[in-house]
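K.L.:
Next input, structure requested:
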Amino acid sequence: MAIVGLNIILKSFTPFQSSIIPFQSSQIPLIWDSVPMLRNRLKYFCKFRVFTSFRHMRRSHENKYAIYLLTEALMHIIYKKDLCIDLKAAQLIVRDRMMLQNGREMPVLCNIREVRRVNKPARDYLALEGSQWITALAFLIDPPVTDVISSIYLGTHAQTIPTRSFTKKSEALAFLKKHGPL
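P.N.:
Here you go, the predicted model:
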């Protein structure tokens, strides 16, 4: 898989048009050392694992901060236990979500019950850049801590997409269903 990924990544750096760049494995160190941006892209590409079940068309991904579950029509993000989200964490969370969505707009269900704190730069980033490709957003909360976090988020940022907080998953899904097919 890494070889196929390398062929795709290398294609964008070549001056000529080619669908696949043939190379020997002995050429990898030469290419690897000569292009730092390529090295960073390949490192991330190899770390980013997407698990796909073709039977139900579900894809999932996990990073240090969250677990992502993607179906045909819904992105479900479950934040990990005792999280304090800063700007760096918010950027990684959004980047991984967008990587899974692959440019498709859809409703998002965020389970923030285990989050303990989100600083202001992270909230701002999640509200602006983090709302791309989202048609509706539902937070699953567990009062009092995540209720306060979601209230601050909803109260301080003008929402361009329908956004609400819920304690029950069934209510959150019903809200998301009103704003698009699930």
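K.L.:
dump the residue contacts of Leu83.
P.N.:
Tyr65, Ala89, Glu114, Val115, Arg116, Arg117 (CB atoms under 8 Å, 6 or more residues apart in numbering). Placement of C-beta: from N, CA and C, glycine included.
K.L.:
State whether the last one is indeed within a strand.
P.N.:
I take that to be Arg117. Yes: in this structure, Arg117 lies within a strand as judged by DSSP: H, G, I helix; E, B strand; the rest coil.
K.L.:
what's the closest non-adjacent residue to it?
P.N.:
In space, and not counting its chain neighbours, Arg117 is closest to Cys84: 4.4 Å by CB to CB, 6 or more residues apart in numbering.
K.L.:
Wasn't the one you found part of a helix?
P.N.:
No: counting by three-state DSSP, Cys84 falls outside a helix, being strand.
K.L.:
Can you give me the distance of it to Ile78?
P.N.:
17 Å (CB to CB, to the nearest Å).
K.L.:
of these two, who's got more company?
P.N.:
Each of Cys84 and Ile78 has its neighbours counted (other CB atoms under 10 Å); Ile78 has more, 16 against 12.
K.L.:
got the phi/psi numbers for Ile67?
P.N.:
When read as degrees, to the nearest 10, the backbone of Ile67 gives phi -110, psi 130.
K.L.:
same thing with the one 5 residues further on?
P.N.:
In terms of degrees, to the nearest 10, the main-chain angles of Glu72 are phi -60, psi -30.
K.L.:
Outline the domain layout of this structure.
P.N.:
2-47, 51-178 (automatic domain parsing).
K.L.:
hey, least reliable of those domains by pLDDT?
P.N.:
Among these, domain 2-47 carries the lowest mean pLDDT, at a mean of 43.
K.L.:
which of the contacts of Leu83 are buried?
P.N.:
The neighbour count (16 or more other CB atoms under 10 Å) marks Tyr65, Ala89, Val115 as buried among the contacts of Leu83.
K.L.:
I'd like those written out as TSV, with distance to Gln159 added.
P.N.:
Below are the buried ones among the contacts of Leu83 laid out as TSV (distance: CB to CB, whole Å):
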residue	distance to Gln159
Tyr65	23
Ala89	22
Val115	19
